[in-house]
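In: build me a model:
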Amino acid sequence: MATILKETIKHFPFDWANLNSYRESSAHRKEIYLKDQNSLIEGLMFLFYSLFGDSKGRLIIYNKSWWDFCLDAWDLDKDQYNYDLEGKSAETQEYLKILKESGIQANYSGCCVCMDWDRFLFVVLECIINRKAPYIPLFCDVENKYFFSFHHTGSIGIYYKEENNVIKQILSKAYERCAVDD
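Out: Next comes the predicted model:
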């Protein structure tokens, strides 16, 4: 079964976002931190479901280069990419398996929808937390005009143009359960 599927939307959906520096986006930003840093992967998965579980059916995931997500897919000496599983970290192998099983082409840049959130989040968060990935996929709710990303320090950064009812609900939950940096 495919974990992710290519979405009809290929481009990043928000023109107000600066993809080179999220902080320079013309949007509001909140950083939501786990209070307990003991188990970052499980904590971030729980935080995802707590804050975005009601929205997960609307989320699309943007990655500017799906196959180049993990560092050890790139041979620095040869300046080329190698997507074979052999010689890769366990985290990278699992991530590449998701792409292969899902039929995502090696040059794909754009959006996907998630069919298996548990598997996808666990694998991607392992790559992020264990620093196998240099950048982070962006999770977007086009209807409610926000996006967020995970950080290796145990936080989620959320960006939104305007506060709406969904954003208010997410932030209300975040203030109850987490530390929030305004």
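
In: neighbouring contacts of stretch 155-167?
Out: Contact partners of stretch 155-167, identified using C-beta atoms under 8 Å, 6 or more residues apart in numbering, comprise 14, 16-17, 22, 25-34, 44, 47-48, 51, 55, 141, 144-151, 170-171. Heads up, the C-betas are built off the backbone N, CA and C, glycines and all.

In: packing partners of the lowest-mean-pLDDT helix or strand in the chain?
Out: Ranked by mean pLDDT, DSSP states H and E, the weakest helix or strand in the chain is strand 74-75, scoring a mean of 82. Packing partners of strand 74-75 (3 or more C-beta pairs under 8 Å, 6 or more residues apart in numbering; DSSP states H and E): strand 80-81.

In: helices - which of the contacts of stretch 155-167 land there?
Out: In helices, judged by DSSP state H, the following of the contacts of stretch 155-167 are found: 44, 47, 48, 51, 170, 171.

In: looking at the residues you listed, which is nearest residue 7?
Out: Nearest to residue 7 among the ones in helices among the contacts of stretch 155-167, counting by C-beta to C-beta, is residue 48 at 18.8 Å.

In: that closest one against residue 120, yeah?
Out: No. Using C-beta atoms under 8 Å as the test, residue 48 is too far from residue 120 to be in contact (10.4 Å).

In: follow-up on the earlier one: now, of the contacts of stretch 155-167, which are buried?
Out: Neighbour counting by 16 or more other C-beta atoms under 10 Å classes 14, 17, 22, 25, 27, 30-34, 44, 47-48, 51, 55, 141, 144-151, 170-171 among the contacts of stretch 155-167 as buried.

In: now the strands: where do they sit in this protein?
Out: 4-6, 28-33, 59-63, 74-75, 80-81, 110-114, 138-141, 146-151, 155-160, 179-181 (DSSP state E).

In: out of these, which comes closest to residue 127?
Out: Among the strands of the chain, strand 146-151 sits nearest to residue 127 (C-beta to C-beta), with 10.1 Å.

In: beta-bridge partners for residue 139, please?
Out: residue 61, residue 148 (DSSP bridges).

In: that one and residue 133, how far apart?
Out: For residue 139, the distance to residue 133 equals 14 Å [C-beta to C-beta, to the nearest Å].
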